[in-house]
Structures are given as structure tokens and as C-alpha cells.
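Asks: got a predicted structure plus its sequence, pasted below:
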Amino acid sequence: MSIQKRLLLIYTTIFSVAFFLVSITVYWLPRSQILAEIDRDLEALVDEIRPENTLLVPGGIFRIRIPENLATLETASTFMIIIDMNGRIRARSSNLTGYNEYLDPNGRLAQKHFSLVRHENTLLRVLSAPLVVEGPTGPEIVGHFQVARLLDNYESFNRLVVTALLIGFGAATASLILAIGLTPSLFRPLDDIATVARQITNADDLSRRVPDTGRTDEIGDLAQAFNQTLERLERLFQAQQRLLADVSHELRTPLTAVRGNIDLMLRMGEADPESLTVIQEEVDRMTRLVGDLLLLARADSGGLPLHMKPIELDNLFFEVYRRVRVLSSTVTITMVGIDQVRVLGDADRLKQLFIILIDNAIKYTPTGGEVRLSLSKTELWARVVISDTGIGIPEKDLSNIFDRFYRVDKARSRSQGGSGLGLSIAKWITETHGGEIYVTSEVGKGTTFTIALPVLQEQPPATSEEKETHSTRRRLTINRRRRENK
């Protein structure tokens, strides 16, 4: 059963049970309370006529002395008659003058009981009770009381309750009809999501999206999240396809060169030093490519741990500067400024990050150009800036340069030995250290890479008590080690 049908069934059940319970409560509770109050009044009226006020006369005749305030019962809503054992009405209230019928035709019983009796258009609540007196042989029934109360207000109340229940039933039915009508429209976006998901599965088309209905509820959030998931999956799928195509292309070129030189040496019948050199270069290139791919694969899977520890970033950056300065003879490398700063990181990976960016700057800077390095510090960030006076990067390519195997000038990059993975590795190292990397460039004027790394927050200086405790622990440790050595 679908969620929609289950919800409709739940709505119907809840409405039905709730309406039934409310109806029972509204209908029976006031009725029982009103009747109970009327019954108490009738019993109190009968109790006013005590058995000791009744006198049995020989011949089956009895006399009753009725209290003065009950002699006439002139109220229009309360009636009383007294019936002897022969069924004759011996007394009646003044508001029954000329009325010669029993208030309850079935009320001459040996026990007191209540009944609802309708006389023409009038409904009466009747209490019938036996009239018991002490006779020569003990208590004996000499007649019956019948006391009644008009229930016109009670009937009006019943009609009002029934009307209210009918209105409630109509409102409940209208609510159910409204719920049945609205529920399909509420669930239509879910049907759209399921339809799109099936179409994607059947056609392998990740470009499809769920229609945006503009809703801001949970279903609207689900549709938006589903579209975002599809967009991310599409990008990942395209990146995977591009990666496979690029890897195949990158490996095909060196393999073709290796195969061509091997064929040449086979035809010559001897090892050619020049061909061996080309083979060695291509093998080295494939080795670097495979190594970079392996690094990124381990990074994506979380299998490349970093050895994070406090690092003097200025010392590490200056060490990289001294290393690359002596390796470049065509481009001037200048350290324009360096601040003392400490960060938490992996020294080897940070060196790799700086070398990748400086090496790129050198490759794309013409002879006689300049690469400038700087390290500055703010309260929260260490900023490493690497800029060059090279060929620059077109603006349309800036958003893609960190993608794997992306090259601005593919032919030139390949001839310079690049694999197109360096900047992807640089971005991963930066983000793994909690930092960010930015690039700005202008064609013909140069490119600037900026790396922001979080500064290691220094601990507050230790108090004299903490220093003394640390010194004591150190002395105890030294003494323990001396004893162990002995």
C-alpha cells in the first residue's frame, strides 16, 4: 500500500473514532445528567409524603395528609396522582383537574421505577412508587404514587444535540473529502522524484532534474536536495569519464614513444643510446603520472594519512626557496618578504605544495622573467604568495585549473613534462590543512597563487607553579631512567 493510501486510511480512522467518541460523550453525558437531576427532584417529592401520613381505614379505604406546600402542585411542569388498589385515581394535583388517565399506564408495580412516557405531543419523566402502610398484619401496599415532570426543555436539548452532531458529522466528512482531494497534490512531487529516478536508471541520463515547484516545505527541500545530489553525481561522472580519457591519452603518448624506439633498435639490431634515453624519459614520465594518480586515489579514499605537528612555516618555506633558487638558471626567484609563523601541518606535504606551485611558475615564465615569493602573517592566517611574470591564464580557464588533467595549453604542457595533476594535488594538500588556495591571472602579465593556512594558536605562558611541577616531574623521570640503566 502506498504512503498516500496509508495516510488517507489513517485520516479516516482517526476522524471516525474521534467523531464517534465525541458524539457518544456529547449525546449521553448531558442526557444522563439532566435525567438524574429530574429523578432526584421526583424522589424528593415522593419522600415528602411519608407513610406515617397515610391512614388505613376499614373497607380498603386510606386517607393521606399531604403537606400544605404540596397540596396543589400548581406548577405547570410537575404532576401527581394517587391510585388505589382498584385502579381508581383517588387524588391528583390541581393542574390535572379533569385528567382521568394514569401518568404511566404500566407504572402499578411493586417496586419504584422511572419511565419516559409520551402523552400526545408531551414527554413526561414519571416516577411510579408503591404506597405502603402498616396494616393489621404488617406492611401492605394500599395504592401507588405517580409523579411526573415535563421534559419539553429536555426534548429541545436533544434536538439541539442531534443538530450539533449532524453539523459535526458534516464538517468531519468535508474535512475527509478535502484531505482526500489535497493529499494527491501534496505527494505529486514525490511521484515526480520517483519518475525522474526511474528515468535516470533506465536511460543513464544524469542531466535530468526534478521540476522545481517553488515549495518551501519538507517535500520542496527533498526535491532541491535530490537535484543537488544529481548535479554532484553528474559532475563526478563527467570527471570520471574525463579522467579515464585523460589517463588513456597520457599513457598512450609515452607508450607509443617507447614502442617506436624499441622497434627502431630491433631493426638496427643494436641498442641506440639516444633511443634508450627517450625510453628512460618516457618511463620516468609514466612513473610520475602513476605516482600522482595513486596519491590522489589514496587521498580521495582517506587512505593517505598526514603527520600533523607544529611547524615553523617560515623555515620550511625558506628551505624550499633555497632549493629551487639553485635549480633555475633562466628565471630569477626572489623572496620579497617572510614573517615568522607557526602552523600545524605535515612538513613533507607542505614542501610538496610549495614546490608544485613554484615549479609551475618557473615553467610558464619566459627566460629573464621573475618569480616572487612572500610569507606574511595575520592574527588567524599565514598567507603564502607565489607570483610570476609569465604568460598568464585566460579568465575562462581560471575556474578549471584545479581540475585533474586540465591544461590551458595542452600541447605545450605535455612537452614540458606536466601531467595536469599538480594543481589538483596542491589544492588537496591546502584543503587538508584547513586552508584555501586562490589564483588571479592576466594574460601576458603573469599569475599569482595565494595560499591561506590557519595559524597555530600559541598556548598561554605557563605559571611559576606549572613550571615548578614540570621541573619536578622531569627530575623524577631522569632519576628513574638512571636507576633503570644501573
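Replies: Alright, I've got the coordinates.

Asks: I'd say R342 and L316 touch.
Replies: No: if you go by C-beta atoms under 8 Å, R342 and L316 don't touch, sitting 10.4 Å apart. For the C-beta atoms, the positions are set from N, CA and C on the backbone; glycine is no exception.

Asks: show me the strands in this protein, by range?
Replies: Secondary structure of the chain (DSSP state E): strands at 54-57, 61-64, 78-84, 89-92, 113-119, 122-135, 138-150, 309-312, 332-338, 342-345, 370-377, 381-388, 436-442, 446-454.

Asks: check L29 and give its pLDDT.
Replies: L29 is assigned a predicted lDDT (pLDDT) of 59.

Asks: before we move on, the earlier item: for the strands of the chain, which one sits closest to F226?
Replies: Across the strands of the chain, F226 has its closest neighbour in strand 436-442 (29.2 Å, C-beta to C-beta).

Asks: domain-wise, how is this structure divided?
Replies: Domain segmentation of the chain under automatic domain parsing yields 3-158, 218-301, 309-454.

Asks: now tabulate the ones you listed in CSV and tack on distance to L166 and mean neighbour count.
Replies: Listed next are those as CSV, based on distance: least, C-beta to C-beta, whole Å; neighbours: other C-beta atoms under 10 Å:
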stretch, distance to L166, mean neighbour count
domain 3-158, 10, 14
domain 218-301, 36, 13
domain 309-454, 69, 17
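
Asks: and those as TSV, adding distance to S207?
Replies: TSV is the format used below for the domains of the chain (distance: least, C-beta to C-beta, whole Å):
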stretch	distance to S207
domain 3-158	28
domain 218-301	6
domain 309-454	19
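
Asks: so which of those gets nearest A172?
Replies: Nearest to A172 among these is domain 3-158; the distance by C-beta to C-beta comes to 4.9 Å.

Asks: run through the residues that contact the closest residue to E234 other than its chain neighbours.
Replies: In this structure, E234 finds its nearest non-sequential neighbour in L206, 4.0 Å apart by C-beta to C-beta, 6 or more residues apart in numbering. Contact analysis of L206 by C-beta atoms under 8 Å, 6 or more residues apart in numbering lists I200, L230, L233, E234, F237.

Asks: the residues you listed in helices, which ones?
Replies: I200, L230, L233, E234, F237 (DSSP state H).

Asks: now do the helices in the stretch 301-450 of the chain.
Replies: Assigned by DSSP state H, counting those that start in this stretch, the stretch 301-450 of the chain shows helices spanning 313-327, 347-363, 410-415, 422-432.

Asks: and for the stretch 151-300 of the chain?
Replies: With DSSP H, counting those that start in this stretch, the ranges of helices along the stretch 151-300 of the chain come out as 152-203, 218-268, 273-301.

Asks: which one of those lies nearest to R88?
Replies: Across the helices of the stretch 151-300 of the chain, R88 has its closest neighbour in helix 152-203 (29.4 Å, C-beta to C-beta).

Asks: by contact count, what packs against that closest one?
Replies: Under the contact definition 3 or more C-beta pairs under 8 Å, 6 or more residues apart in numbering; DSSP states H and E, helix 152-203 sits against helix 3-47, strand 122-135, helix 218-268.

Asks: got TSV for these, with distance to F145 too?
Replies: Shown next, in TSV, are the helices and strands packed on helix 152-203 (distance: least, C-beta to C-beta, whole Å):
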stretch	distance to F145
helix 3-47	6
strand 122-135	5
helix 218-268	70
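
Asks: out of those, which is closest to V162?
Replies: When the helices and strands packed on helix 152-203 are compared (using C-beta to C-beta), the closest one is helix 3-47, at 7.9 Å.

Asks: where are the low-confidence patches of the stretch 51-200 of the chain?
Replies: Where the stretch 51-200 of the chain drops to pLDDT under 70, the residues are 51-76, 135-136, 152-158, 160, 186.

Asks: try 80 this time
Replies: 51-77, 90-99, 107-110, 119-123, 131-142, 150-193, 196-197, 199-200 (pLDDT under 80).

Asks: residue ranges with poor pLDDT in the stretch 351-486 of the chain?
Replies: Applying pLDDT under 80 to the stretch 351-486 of the chain flags the ranges 403-422, 457-486.

Asks: surely F354 touches F317?
Replies: Yes: under the criterion of C-beta under 8 Å, F354 makes contact with F317 at 6.4 Å.

Asks: quick check: phi and psi at P211.
Replies: Torsion angles at P211 (phi, psi; degrees, to the nearest 10) stand at phi -60, psi 140.

Asks: identify the residue nearest it in space, chain neighbours excluded?
Replies: Distances taken as C-beta to C-beta, 6+ apart place D192 nearest to P211, at 5.9 Å, with adjacent residues excluded.

Asks: show the contacting residues for the one you found.
Replies: The contact partners of D192, taken as C-beta under 8 Å, 6+ apart, are V210, P211, A223.
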